[in-house]
Structure formats: C-alpha cells, structure tokens
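Undergrad: heads up, no residue letters with this:
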Ligand SMILES: C[S@@+](CC[C@H](N)C(=O)[O-])C[C@H]1O[C@@H](n2cnc3c(N)ncnc32)[C@H](O)[C@@H]1O
C-alpha cells in the first residue's frame with residue numbers, strides 16, 4: 001500500500017522538502033508499523049491511512065523546530081515516534097531512540113535494519129538509568145510523561161546549552177505550572193498537523 005500522495009501533500013503543508021528516497025523510507029516505516037503493530041502493540045491507531053497524519057505527519061511537525069545541535073534523544077520512543085520520521089527527515093542528525101520496553105525496542109531495531117538508517121541507535125533502558133558517552137543537544141518526547149517528570153528524569157542527558165522539545169496536545173498550562181525551578185520554558189508553539197483536528201503544542205525548555 002502506498003501513502004505517497006497524502007504524505008507529499010502533508011509534507012508540502014509542513015514546508016518540508018524531502019526527496020524521493022526519504023519519502024520511500026517514510027512509506028516503508030509506516031508499512032512496518034502497520035505490519036507489526038499487533039505483535040508488538042505499537043499504537044492504538046489501527047488504520048494505515050490514519051497513521052499518516054497521526055504518526056508520520058505529527059512526528060514530522062517537530063522537524064522544523066529542531067534547529068541547532070547534532071544529537072537528538074527520543075525518550076519513550078515506543079514504535080519510533082517522533083524519532084524515526086525525524087531521523088529520516090534529518091539524516092545529518094544522530095538520533096537515539098530509547099524505550100524501557102523490550103518488545104518496543106525489538107521492533108525498533110528491526111525497523112532500523114530493514115529501512116537502513118545509519119544515523120539511528122536503539123537503546124533498551126529506563127531513561128533515568130541511561131548513561132551515554134555523550135550528552136544530547138535536543139531531547140524530545142511524545143506521549144511519554146508530564147513535563148515535570150520528563151525533565152526530572154533526564155537532567156543527566158542534556159548537553160550544556162541543550163533544549164527539551166516536548167510534543168503536547170492542548171496548551172499544557174497546568175503541567176508548565178508544575179515544572180521544577182531547574183528549567184525554564186523558552187516558548188510554547190502551536191503546531192498545525194495536516195489531517196489532524198486535535199490541538200498540538202511544542203514546548204521548548206532549557207536548563208536554568
Ligand atoms: C505512550 S508510549 C509513547 C510512544 C511514542 N513516543 C508515541 O508517541 O507513540 C510511552 C512509552 O514510554 C516508555 N517508557 C515509560 N517509562 C519509561 C522510562 N522511565 N524510560 C524509558 N521509557 C519509558 C514506554 O515503554 C512506552 O513505550
């Protein structure tokens with residue numbers, strides 16, 4: 001099944017100019033997600049067509065905001081969102097997909113091999129226990145945890161001058177009010193995802 005027309009349209013709306021090879025990789029990723037969803041319990045979205053906006057385009061809406069840095073960590077990556085689409089769109093970035101669930105990381109390793117993504121590493125670990133050799137310029141998450149928990153579990157992973165990019169739904173007033181003193185919110189951007197009616201926001205945070 002090909003999703004290319006809907007994808008191309010969505011990418012145009014996001015102003016992401018990807019080449020044919022990147023488009024084929026995104027399509028291939030979606031096919032793997034749909035194929036292995038039942039086995040690995042990757043997403044509640046069952047219809048491939050809906051996965052285009054819910055998963056691919058939503059994940060890709062992060063990409064225009066990944067300015068600066070070379071190392072990106074996706075915490076609680078699950079079936080690879082937003083990390084895999086971001087890695088396909090930005091092959092110049094080194095992307096680490098981290099999840100504590102072995103089933104999820106088994107799928108992720110398989111997907112990385114099948115798609116041939118040299119810039120992606122998969123780690124099975126609880127994020128609080130993860131001790132990489134190098135820290136990260138950008139740390140992202142989608143549907144992982146409330147903002148306060150996200151930043152409390154990860155201070156040892158953020159490089160100096162690095163940023164958190166948390167993908168959220170409605171404007172997270174309450175979660176922001178509960179953030180610890182150690183971080184500051186740099187901006188909260190409303191994000192429009194082609195094909196999705198739901199409100200989306202990107203919260204950019206920095207260490208104080
Ligand atoms: C709701 S899923 C979200 C998956 C994906 N980011 C998405 O948007 O579809 C949350 C993921 O976080 C992982 N997770 C929860 N706590 C974790 C922790 N402390 N360290 C690493 N991964 C964790 C779970 O295994 C799960 O795969």
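TA: Nice, thanks for sending it over. A quick note: this is a predicted structure, and the numbers were derived from the prediction, not measured. Residues are numbered from 1 along each chain as shown.

Undergrad: Poorly predicted segments of the chain, please.
TA: The model of the chain has pLDDT under 70 over residues 1-3.

Undergrad: Name the nearest residue to the residue located most distally from the centre of it, sequence neighbours excluded.
TA: In the chain, the residue that sits farthest from the middle, by CA atoms, centre = their mean, is residue 181; the gap is 25.4 Å. Take residue 181 and drop its neighbours on the chain: the residue closest to it by CB to CB, 6 or more residues apart in numbering is residue 208, 7.0 Å away. All C-beta atoms are positioned from the backbone trio N, CA, C, and that covers glycine.

Undergrad: Identify the residue nearest the geometric centre of this structure.
TA: Short answer for the chain (CA atoms, centre = their mean): residue 82, at 1.9 Å.

Undergrad: what's the closest non-adjacent residue to that residue?
TA: Per CB to CB, 6+ apart, closest to residue 82 is residue 59, 3.5 Å.

Undergrad: Next, the contact list for the one you found, please.
TA: 81, 82, 83, 84, 85, 86, 142 (CB atoms under 8 Å, 6 or more residues apart in numbering).

Undergrad: which of the residues you listed sit farthest apart?
TA: Maximum pairwise distance among these (CB to CB): 11.7 Å, between 84 and 142.

Undergrad: Whether the top strand by length along the chain contacts the ligand - can you check?
TA: Scanning the chain for the longest strand, with DSSP state E as the assignment, gives strand 158-168. No. Strand 158-168 stays clear of the ligand (CB under 6 Å from any ligand atom), getting no nearer than 7.5 Å.

Undergrad: What residues does this protein have near the ligand?
TA: 76-79, 81, 98-101, 104, 126-128, 142-144.

Undergrad: ok, back up a step: ok, the residue nearest to residue 181 touching residue 180?
TA: No. With contact defined as CB atoms under 8 Å, residue 208 does not reach residue 180; the gap is 9.5 Å.

Undergrad: Tell me which of those two has more neighbours.
TA: residue 180 (11 against 8; other CB atoms under 10 Å).

Undergrad: right, and that one touches residue 150 too?
TA: No. Residue 180 lies out of contact with residue 150 (CB under 8 Å); the separation is 10.8 Å.

Undergrad: My guess is residue 179 contacts residue 150. True?
TA: No. Between residue 179 and residue 150 there is no contact under CB under 8 Å: 9.5 Å.

Undergrad: Counting neighbours, go ahead and name the busier of these two.
TA: The residue with more neighbours, out of residue 179 and residue 150, is residue 150; 23 against 19, by other CB under 10 Å.

Undergrad: and that one, helix, strand or coil?
TA: The three-state label given to residue 150 by DSSP: H, G, I helix; E, B strand; the rest coil is helix.

Undergrad: who's in contact with it?
TA: Residues in contact with residue 150 (CB under 8 Å, 6+ apart) are 75, 141, 144, 164, 166.

Undergrad: Can you tell me the SS state at the nearest residue to the last one once chain neighbours are set aside?
TA: What it means is residue 166. In this structure, residue 166 finds its nearest non-sequential neighbour in residue 203, 4.4 Å apart by CB to CB, 6+ apart. Here residue 203 is strand, with the state taken from three-state DSSP.
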